[in-house]
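A predicted structure for the sequence below; I have some questions about it.
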Amino acid sequence: MNASQLNENEYAPFYANYIINLGNVNLIEVLNSSFDDFLNTLSDLPEEKLMYRYAYGKWTIKELIQHIIDAERVMTYRALRFSRKDTTEVPGFDEDWYVANSNGNDRSLEELLEEFTFIRKASISLFNSFNIEMLTRFGTANGNDISVRALGFIIAGHQMHHLKIIKEKYL
C-alpha cells in the first residue's frame with residue numbers, strides 16, 4: 001500500500017501536507033523508517049534541549065514526544081474501529097489540552113522513547129494485520145470521513161512533520 005494510492009476524499013484537507021510530504025512510500029516501510037529516524041535523532045539529547053521552547057507558548061521536545069504518542073494512539077484507535085466496520089462517529093481531541101494534562105515534562109526521555117517504541121510497534125502490527133478491504137474502509141472522525149489506510153499514512157506524516165520542526169527549531 002503506497003501513499004500515492006490514496007484519493008483526496010480519504011482524508012480531511014487538514015491532513016494533506018502530512019500525506020503529500022511522504023511522497024510515494026509504502027505504509028509499513030515509512031512507519032518503520034520514520035520510527036528509526038525519530039529514535040536516532042532524539043535518543044541522546046541532553047535535558048536542557050528537551051525542556052527548551054523556541055518561542056512563548058510552544059511545546060518542549062518532551063511535550064512534542066508525548067503529543068506524538070497521544071496522537072498515534074488516537075489514530076490507531078480510529079483505524080481499529082473503522083477496520084472493524086464500526087460506523088459510530090469518533091469525536092476529535094484537543095491536542096493542546098492533551099499536552100497540558102500529560103505530564104510529559106516530568107518524564108524521562110528514556111520513558112518517553114520506550115512508550116513511543118511500544119506504540120509504534122503496536123501500530124505497525126495493527127496495520128500489518130489489515131487486508132486491503134479493511135485498509136480501504138471509512139469512518140468519520142471529528143466530522144470528517146477518513147479511510148483506515150489514510151490514518152496509517154497520517155501517523156507517519158504527523159510524526160515526521162514534528163521531527164522536522166524539532167530538527168529546524170530545537171536542535
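Thanks, I have the structure now.

which residues of the chain fall in helices?
Secondary structure of the chain (DSSP state H): helices located at 16-20, 27-42, 47-50, 61-83, 95-100, 109-129, 132-135, 148-165.

Now do the residue of the chain positioned farthest from its centre against residue 40, distance only.
When distances to the mean C-alpha position of the chain are computed (Cα atoms, centre = their mean), the maximum falls on residue 48, with 24.8 Å. For residue 48, the distance to residue 40 equals 20 Å [Cβ to Cβ, to the nearest Å]. (C-beta placed from N, C-alpha, C; glycine too.)

returning to what we had before: against residue 33, how distant is the residue farthest from the centre of the chain?
Looking at residue 48 against residue 33, where the rule is Cβ to Cβ, the gap reads 29 Å.

Please apply the same query to residue 98.
As judged by Cβ to Cβ, residue 98 and residue 33 stand 26 Å apart.

and those two? which has more neighbours close in?
Remark: of residue 98 and residue 33, residue 98 carries more neighbours, 18 against 14, as counted by other Cβ atoms under 10 Å.

Hmm, residue 112 is touching residue 67, no?
No: assessed by Cβ atoms under 8 Å, residue 112 is found out of contact with residue 67, at 10.6 Å.
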